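Participant: the sequence isn't on hand, but the structure is:
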């Protein structure tokens, strides 16, 4: 198939329109989702595990 200048322009226009539509959709999704916390914040602010207090049979001294 030979590419004519009109066919090339139509193909470029079609691809650019698809890219613009995809970019608009990505912006919309990004704007409507909560921001993801950084890996450092997730690591540093983890909930601590529930560890039962070990008692040796006596009351804890003050």
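Facilitator: That came through, no problem. Since the structure is predicted, the reported quantities are computational estimates derived from the model, not experimental observations. Numbers count the residues shown, from 1 in each chain.

Participant: contacts and neighbour counts: CA atoms only from here.
Facilitator: Fine.

Participant: the top helix by length along the chain: how far from the chain's middle?
Facilitator: As assigned by DSSP state H, the longest helix anywhere in the chain is helix 5-32. A distance of 22 Å separates the centroid of the chain from that of helix 5-32, by C-alpha atoms, centre = their mean, to the nearest Å.

Participant: so for that helix, mean pLDDT?
Facilitator: Helix 5-32 carries an average pLDDT of 96.

Participant: can you name the next helix or strand after it?
Facilitator: For helix 5-32, the following helix or strand on the C-terminal side (DSSP states H and E) is helix 39-44.

Participant: that following helix - what's its average pLDDT?
Facilitator: Helix 39-44 comes out at a mean pLDDT of 88.

Participant: and the pLDDT for the residue positioned nearest the centre of the chain?
Facilitator: In the chain, the residue lying closest to the centroid (C-alpha atoms, centre = their mean) is residue 36, at 5.7 Å. The model reports residue 36 with a pLDDT of 86.

Participant: same check, this time on residue 1
Facilitator: For residue 1, the model assigns a pLDDT of 67.

Participant: likewise for residue 62?
Facilitator: 54.

Participant: before we move on, what about residue 57?
Facilitator: So, for residue 57, pLDDT stands at 64.

Participant: okay, now residue 11: neighbour count?
Facilitator: Residue 11 has 13 neighbours, counted by other C-alpha atoms under 10 Å.

Participant: same question, the one 3 residues further on
Facilitator: Around residue 14 sit 11 other residues, with neighbours defined as other C-alpha under 10 Å.
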